[in-house]
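**Student:** How does the following fold in three dimensions:
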Amino acid sequence: MKRFFLFPMLLLAAVPVTAQTRLQVSDDIVLTQISPHVWVHTSVADLDGFPGVSSNGAVVVSQGEALLLDTPANDDQTERLVRFLADSLHARVTMFVPNHWHADCMGGLGWLQSQGVVSYANRMTVEEARKHGKPVPNHGFTESQILRVGEVPVVCRYEGGGHTPDNTVAWIPSERVLFGGCLVKDTAAVSIGNTADADMDAWPGTIERVKRRYENAEVIVPGHGQWGGTELLDHTLELVRGSSDR
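**Tutor:** As a prediction, this is how the structure comes out:
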């Protein structure tokens, strides 16, 4: 997890020109539309003793359904986000997929499960959640899992280790949006960030595979910071290689 500090009032800054709508869910959560069916949820919470950490997730919405890609860091924020989606976008969250096992990806899974939301995750994420005493996703996949949200297909795929050995990506082909999560760094990042659970040897090759497979991506969403285009992958690769050389 990158240590990215941001006061809640700054969540309104730096919205890209591709955004169609920006909605203030609460003082610590903002929703930004980046394509007809995809929204980024950005939340601020204390994580691992660090205050004011800003994290991104995504929501795919179609025909009254919603797929949540990463939760905010805790149950309370997750509940507020999900209820806002139902009340304001008239979309019921029915499925959830975390990028990896850290709290900034699945800290709200317990509440989602209490609401009957079905969760899918890399099998390694399932095992890490179980090992660390966290709520365990319902279903595990090895290589990929294709989900459908109304009329919109979403491909969740394991491309290899990086920020963690289990991190995945989610590709929404009809939108040309890739949710990279913490595998991908934003272009403002000056370091690779927290590598406590990273697979530094695998990370460069994983990013190279992502670059090849999703070369048509128009928007790439990192786990922290500002989303953008394929330049995020180039910057991530540069940071990883620089960190490995030290």
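**Student:** got the CA positions of stretch 132-140 in CSV?
**Tutor:** Extracted in CSV, the C-alpha atoms of stretch 132-140 (Å, rounded to 0.1, in the frame of the first residue of the first chain):
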residue,chain,number,x,y,z
HIS,A,132,-4.6,-13.4,8.6
GLY,A,133,-7.9,-14.0,10.3
LYS,A,134,-9.8,-11.7,7.9
PRO,A,135,-13.3,-12.3,6.3
VAL,A,136,-12.8,-14.9,3.5
PRO,A,137,-14.1,-14.3,0.0
ASN,A,138,-16.8,-16.8,-1.1
HIS,A,139,-15.2,-18.0,-4.3
GLY,A,140,-11.6,-18.4,-5.5
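**Student:** what sits up against it?
**Tutor:** 96, 98, 101, 106, 109-110, 113, 118-123, 125-126, 128-130, 145 (CB atoms under 8 Å, 6 or more residues apart in numbering). Using the backbone N, CA and C atoms, a C-beta is placed for each residue, glycine as well.
**Student:** Show only the entries of these found in strands.
**Tutor:** Residues of the contacts of stretch 132-140 located in strands (DSSP state E): 96, 118-122, 145.
**Student:** Which stretches in this structure count as helices?
**Tutor:** Per DSSP state H, the chain carries helices over the ranges 75-88, 103-106, 109-114, 123-131, 203-213, 231-244.
**Student:** what about the longest strand in this protein?
**Tutor:** Counting by DSSP E, the longest strand found in the chain is strand 50-62.
**Student:** Tell me which residues of that strand come out buried.
**Tutor:** Across strand 50-62, burial judged by 16 or more other CB atoms under 10 Å covers 52-62.
**Student:** Tell me the one among those nearest to Leu69.
**Tutor:** Closest approach between the buried residues of strand 50-62 and Leu69, by CB to CB: Ala58, at 4.2 Å.
**Student:** Any idea what that closest one is bridged to?
**Tutor:** Val40, Leu69 (DSSP bridges).
**Student:** Equivalent analysis for the one 4 residues further on, please.
**Tutor:** Here Ser62 sits in beta bridges with Glu65, as judged by DSSP bridges.
**Student:** quick one: contacts for it?
**Tutor:** With CB under 8 Å, 6+ apart, Ser62 has these contacts: 37, 149-152.
**Student:** Low-confidence regions, the chain specifically.
**Tutor:** The chain contains residues with pLDDT under 70 at 1-20, 244-246.
**Student:** Redo the ones in strands among the contacts of stretch 132-140 as a markdown table? Include distance to Ser243.
**Tutor:** Converted to a markdown table, the ones in strands among the contacts of stretch 132-140 look like this (distance: CB to CB, whole Å):
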| residue | distance to Ser243 |
| --- | --- |
| Phe96 | 31 |
| Val118 | 37 |
| Ser119 | 32 |
| Tyr120 | 31 |
| Ala121 | 27 |
| Asn122 | 23 |
| Gln145 | 30 |
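**Student:** Cool, thanks, talk later.
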